[in-house]
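S.K.: Quick one: sequence and predicted model below, then my questions.
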Amino acid sequence: MTRTWQINVGFPLPLGATPTPGGVNFAVFSEHAQQLYLCLFNTEGDELARLPFPEKQRGIWHMEVQGVAPGQHYGLRAEGPFDPGQMQFFNDHKLLIDPYAKQLSERLVFHEEQVTLTPEGLADQRDSATFVPKSVVAVPHPLQHKRPSKPRGAQRSLYELHVKGFSQQLEIEPELRGTYLGACSDAAIAHLQQLGISTIQLMPCFAFADEIHLQSKGLSNYWGYNPINFFTPEARYAIQDPTAEFQQMVARFHEAGFEVLLDVVYNHTAESEINHGTTCYRGLDNQVYYRHQNGQYLNYTGCGNCVDTYHPTTVRLICDSMRYWVDVMGVDGFRFDLGVDMGRERHQFSPTAPLLQAILQDPILSQTTLVMEPWDIGPDGYQVGHFPRGFLECNDKYRDTIRRFWRGDANTVPEFATRIMGSRDVFHKGHKCALHSVNYITYHDGYTLHDLVAYHRRHNLDNLEHNRDGHTDNISQNFGVEGETNDARILAARLTQQKCFLATLLFSQGTPHILGGDELAHSQKGNNNAYCQDNDITWLSWENSSERDQLSGLIKDALALRQRYPVLAEAFLPDDPLYQHKPCDDVSWFNESGQPMSQEDWQHPERDYLSMQLTSASSGEILWLVFYREDQPIRIKSPNGYSVKSVLFSTDERLQIQGYEFDLNMRSVMLLELQS
């Protein structure tokens, strides 16, 4: 017996599926569709009804269906022109996911039936409903809990964490490994608290799919930068309920005092290229959702498509998604993948682009922590330092310079000094403070810290791309042997280099970013593009070792010193108009003889020593920060003949200091307190 559904006109906002006293209101944007259908399914995947939307207002189709309740499975179909030359791909044979769905019935896996464009350029007639996850009417309850105070200034330090990789081999209950609940287990939180970091930056947790080329090779997308929906949490990290378990993870992190950021991908979707699967945006209104020109996608992301973040509809979609993850899921901020796409207008980047300004003017989103990856692969796609105030920016100039300095490259000291002082050539004085610079040595895309000092060349054969993927210039060194070794001398040199990297990072002006696992000496066996390795290559090992203890202990000690001496994170310089209302700190540079750096000192191509004196205006404390990158003994003197009051930190634990003159026997980073 066919059921008769009572349908009312309903309302256009909010978008998505919203329960009402008698049913559910459905509202979906599609400017160019000639007719939109709501398809209701049972839990076995049988299509029960195909209901035409009766009303369209400002591009939004809407209706209320009586008798429908939370838990109902549904999808969408759209009728309209199929004209590849005009970038229109309406095809009612293709079931579509609601862009505002808060729950999906299953993971998306590519099947040929999802393709909407045949090789001949015609509309594919195969029905895809069996092979597309169903949207599920859901009413997630906002996370009700007390958030910790937002870290500021010297307090903030980012720790990049992959939910599965972090917890998969942790000593916890087996059922929790690789899950949201495993990432916030007692053992996980104890480790993070021991490090002293303030902020957990979660790698992508939007529902995502495996790329077609990975699926054909028997690999999978591990990192998660291939979203299918901007509201639904990824189910593969859940035991039962992804939404509730993600919320529980955030609540536990908050209880432990951590700020939580979510790495988000708003620049492209898993629909990829035109001839790939059509499961949502392409079938709803391809002209609106994706950037295109002359019948082709503008692929500024390198992922087959890029979201047209200049269009008002996508601006609303992204802001609605962000508010959902703040208000309902509980996160405190975001890290934006390939953020230049978010700042493009029709084609070119602008700091006043509609989406960027919408975020900064939103009363909720503007109060969150916003970290931008300031590039994409489109025209003028490198925009470090050009985002509006309110966005912190990942600083690859810092990464490259610090790597070159410690590798021993010539002519690096002047730029090294610029980078550790907050890259004020990029984040200009009078406009942005040094904290806008997110400093890092390693990120998920590239070598781990361990591999940075153990490999000279990439080793990506496991990716099944003949070792052609990933960066070729990693500014790395292996200290004489490629890969793992038992040579005690080489192992000692590698450990020292890792210590120098971490100490430089944590004593630099700006906001430090630590790659999760670097404190554990995690190795990816030289793979610098492990996006498709969901295995021991990427899963953190928790075996005890002296190397791990030393690296973890260094991070803990250095972060504690940043808290104790805020001038290490942000010095108030007298020539910076930002700080004209504050007592100004003093920064001076000295050579190994304790004399101010001369022009000749700065220009010497093989200079291996540099030191900085920081005098805090608020406390009067005099700090001396020393960097030495050679392994030959050197005699050094403290600045101005000051005596050493205390050694606050040294990568060389054997350091002996008497008076104001002493020997450095190896490459090292030191932080000392001086007294006049």
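M.R.: Arrived safely. Numbering: from 1, shown residues only.

S.K.: what sits up against stretch 296-311?
M.R.: 225-226, 266-269, 271-274, 276, 281, 288-292, 314-315, 318, 338, 340-347, 353-355, 376-379, 381 (C-beta atoms under 8 Å, 6 or more residues apart in numbering). Using the backbone N, CA and C atoms, a C-beta is placed for each residue, glycine as well.

S.K.: Name the residues of that stretch that are buried.
M.R.: 297-301, 303-311 (16 or more other C-beta atoms under 10 Å).

S.K.: now that we're looking at the nearest residue to His386 once chain neighbours are set aside, which residues does it contact?
M.R.: Nearest residue to His386, sequence neighbours excluded (C-beta to C-beta, 6 or more residues apart in numbering): Pro351, at 6.0 Å. By C-beta under 8 Å, 6+ apart, the contact list for Pro351 reads 343, 386-388.

S.K.: ok, now Pro574?
M.R.: By C-beta under 8 Å, 6+ apart, the contact list for Pro574 reads 584, 586.

S.K.: secondary structure element for it?
M.R.: Assigned by DSSP states H and E, Pro574 falls within no helix or strand.

S.K.: Next, find the distance separating it from Ala154.
M.R.: 20 Å (C-beta to C-beta, to the nearest Å).

S.K.: cool, and Arg126?
M.R.: Here the criterion is C-beta to C-beta. By it, Arg126 lies 59 Å from Ala154.

S.K.: who's more crowded, the two?
M.R.: For Arg126 versus Ala154, neighbours defined as other C-beta atoms under 10 Å are more numerous around Ala154 (21 against 16).

S.K.: can you give me phi and psi for that one?
M.R.: Per-residue torsions, Ala154: phi -70, psi -10 (degrees, to the nearest 10).

S.K.: and what of Gln194?
M.R.: According to degrees, to the nearest 10, Gln194 has phi -60, psi -30.

S.K.: Let me see the contact set for it.
M.R.: Contacts of Gln194 (C-beta under 8 Å, 6+ apart): 552, 556.

S.K.: Check whether Ser646 really touches Leu672, as I assumed.
M.R.: Yes - Ser646 is within contact range of Leu672, at 6.9 Å (criterion: C-beta atoms under 8 Å).

S.K.: if you count what's nearby, which of those two comes out ahead?
M.R.: Neighbour count, other C-beta under 10 Å: between Ser646 and Leu672, Leu672 has more, with 22 against 10.

S.K.: Read off the pLDDT value for the more buried one.
M.R.: With respect to pLDDT, Leu672 scores 97.

S.K.: would it count as being in a strand?
M.R.: Yes - checked against DSSP: H, G, I helix; E, B strand; the rest coil, Leu672 lies within a strand.

S.K.: Can you name the residues that contact it?
M.R.: By C-beta under 8 Å, 6+ apart, the neighbours of Leu672 are 623-624, 626, 638, 644-648, 657.

S.K.: Could you tell me which of these count as buried?
M.R.: So, by 16+ other C-beta under 10 Å, the buried ones in the contacts of Leu672 are 623-624, 626, 638, 644, 648, 657.

S.K.: Tell me the secondary structure of the closest residue to Pro14 other than its chain neighbours, please.
M.R.: In space, and not counting its chain neighbours, Pro14 is closest to Ala27: 6.8 Å by C-beta to C-beta, 6+ apart. Secondary structure, three-state DSSP: Ala27 is strand.

S.K.: Do a quick rundown of the strands in the stretch 501-650 of the chain.
M.R.: Per DSSP state E, counting those that start in this stretch, the stretch 501-650 of the chain carries strands over the ranges 511-515, 586-590, 609-615, 622-628, 634-637, 643-650.
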